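Student: Next comes the sequence, and after it the predicted model I'd like to discuss.
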Amino acid sequence: MLPNNLTLKQMTIFVRVVESGGLTEAAQKINLTPSAVSKSLTLLEESLGLKLLQRTTRSLFLTDEGKIIYQRFSEIINSLESMLDSVSSARSEPKGLLRVSSPMALGVRHLMTIFSAYRERYPKINLQLDISDQPVNLNDGTCDVALRIARLPPENYTAKEISLIPWFFCASPHYLELAGTPKCIADLRMHTCLLYPDIDEVWHHYTEDGEKSLITYGEILIKANSSSVLLEAALKGMGVAYLPSYLMDAHVKKHELVPLFGNVTKNLSRKLFALHLPDRGNNPTISSFVNFLFEWASPVAPWDEWMEDYPRLLIH
């Protein structure tokens, strides 16, 4: 039966003294004074009623009883440390349900590819995905991370910038064969265009000299509040569309879309942000996903790699 006044601290100090080969060395490792270590050993021996160490001015030796006690205490300390390490590791391991909100087009086109790669690294994560182009309220507790494309993130959340989202005018080869290829953005006045409802018929862009210039579109064949709809219309040769690079990538590589003019609206380009509540930043599941997104998109998001084949389009 163990003495009532035996403490874990006394056991630990005894084990560290034996492992270090001296009181001074052990004291340095466990951040105690040599006198405190010596006192702890004395109290331990008194509690057990055993002589554990033979000490001289230059060295110390375990007694026969000390050898037995050291072996048992060492097993206890190592087992306890291993258990605490396991608990700490389990607590910090990303696992469980990750609730993500994503814009419609981005979520459909890319999020499963991203999550598949993320889950290879963190296999204990399950995903709950909410796809919507409407801003999400993280304070209602239904979402952990919100992916949003904006010029600036909302101020009431912690936001990590993941990637620039450039937009380009583009059209199908079939459309360009029939209608001709516009040489500059001013030529859009002679072309059929596919636009968002909030983009006026007369808009502006920035010239290479940094001057603001008006755009006069030709016929507005389709207006839609979905970039996916405009993409389908462009692929079917209905006109010139203005689309984000992450929707164009696969179709440019397959020569189904031709990018035009370069990033003429680069001053208006948006960014992809990962948002979460400020007090959730230490959550291992949330932080691992946000950091993975940033790593995945650095230095260039995979959906923008196609631009390397179009030097005139690169953003400077």
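Tutor: Here it is on my side, so go on.

Student: Now residue 78: which helix or strand?
Tutor: Here residue 78, judged by DSSP states H and E, is contained in helix 64-92.

Student: Can you name the secondary structure element that comes next after the worst-scoring helix or strand of the chain on mean pLDDT?
Tutor: Taking all helices and strands of the chain together, the one with the lowest average confidence (mean pLDDT, DSSP states H and E) is strand 202-206, at a mean of 65. Proceeding N to C from strand 202-206, the next assigned helix or strand is strand 212-216, under DSSP H and E.

Student: Each with direction, which strands does that following strand pair with?
Tutor: For strand 212-216, the paired strands and their directions (DSSP bridges) are strand 202-206 (antiparallel).

Student: residue ranges for the strands of the stretch 101-250 of the chain, please.
Tutor: Counting by DSSP state E, counting those that start in this stretch, one finds strands in the stretch 101-250 of the chain at the ranges 125-131, 145-150, 158-165, 167-171, 193-195, 202-206, 212-216, 220-223, 240-244.

Student: which stretch in the ones you listed has the least confidence?
Tutor: Set side by side, these give their lowest mean pLDDT on strand 202-206, at a mean of 65.

Student: Any idea which of the strands of the stretch 101-250 of the chain gets closest to residue 260?
Tutor: For residue 260, the closest of the strands of the stretch 101-250 of the chain is strand 167-171, at 4.5 Å, according to CB to CB. Yep, even glycine has a C-beta here, placed from its N, CA and C like the rest.

Student: for that closest one, the distance to its chain's centre please.
Tutor: For strand 167-171, the gap between its own C-alpha mean and the chain's C-alpha mean amounts to 29 Å (CA atoms, centre = their mean, to the nearest Å).

Student: contacting residues around residue 258?
Tutor: With contacts defined as CB atoms under 8 Å, 6 or more residues apart in numbering, the neighbours of residue 258 are 170-173, 176, 181, 252.

Student: For PyMOL, write a command that selects the buried ones of those.
Tutor: The following PyMOL command selects only the buried members of the contacts of residue 258, with burial defined by 16 or more other CB atoms under 10 Å:
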select buried, resi 170+171+172+176+252
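
Student: Can I get the contacts of residue 258 in a markdown table including distance to residue 235?
Tutor: As requested, the contacts of residue 258 are exported to a markdown table (distance: CB to CB, whole Å):
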| residue | distance to residue 235 |
| --- | --- |
| 170 | 10 |
| 171 | 10 |
| 172 | 6 |
| 173 | 10 |
| 176 | 13 |
| 181 | 17 |
| 252 | 11 |
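
Student: which residues of the stretch 201-316 of the chain score low on pLDDT?
Tutor: Scanning the stretch 201-316 of the chain with the threshold set as pLDDT under 70 gives 201-208, 210, 262-269, 311-316.

Student: Could you pull out the helices in it for me?
Tutor: Defined through DSSP state H, counting those that start in this stretch, the helices belonging to the stretch 201-316 of the chain, from first to last, are 227-235, 245-253, 284-296.

Student: Quick one: closest of those helices to residue 148.
Tutor: helix 284-296 (12.4 Å).

Student: related to what we said a few turns ago, nearest to residue 129, of the helices of the stretch 201-316 of the chain?
Tutor: Among the helices of the stretch 201-316 of the chain, helix 284-296 comes nearest to residue 129, with 12.0 Å by CB to CB.

Student: which parts of the closest one are buried?
Tutor: 285-290, 292-293, 296.

Student: follow-up on the earlier one: in CSV, list the strands of the stretch 101-250 of the chain along with distance to residue 29.
Tutor: Converted to CSV, the strands of the stretch 101-250 of the chain look like this (distance: least, CB to CB, whole Å):
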stretch, distance to residue 29
strand 125-131, 38
strand 145-150, 42
strand 158-165, 39
strand 167-171, 59
strand 193-195, 70
strand 202-206, 63
strand 212-216, 67
strand 220-223, 72
strand 240-244, 57
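
Student: Specify the stretch among the ones you listed that is closest to residue 301.
Tutor: Relative to residue 301, the nearest member of those by CB to CB is strand 158-165, separated by 4.4 Å.

Student: Counting by contacts, list what the closest one packs against.
Tutor: Helices and strands touching strand 158-165, as assessed by 3 or more CB pairs under 8 Å, 6 or more residues apart in numbering; DSSP states H and E, comprise strand 270-276, helix 284-296.

Student: can you put those in a markdown table and add distance to residue 92?
Tutor: Supplementary listing: those in a markdown table, determined by distance: least, CB to CB, whole Å:
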| stretch | distance to residue 92 |
| --- | --- |
| strand 270-276 | 17 |
| helix 284-296 | 5 |
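
Student: what about these, which gets the closest to residue 137?
Tutor: Each of those was checked against residue 137 via CB to CB, and the shortest separation belongs to strand 270-276, namely 10.8 Å.

Student: Neighbouring strands of that closest one in the sheet, and parallel or not?
Tutor: When pairs are called by DSSP bridges, strand 270-276 turns out to pair with strand 145-150 (antiparallel), strand 158-165 (antiparallel).
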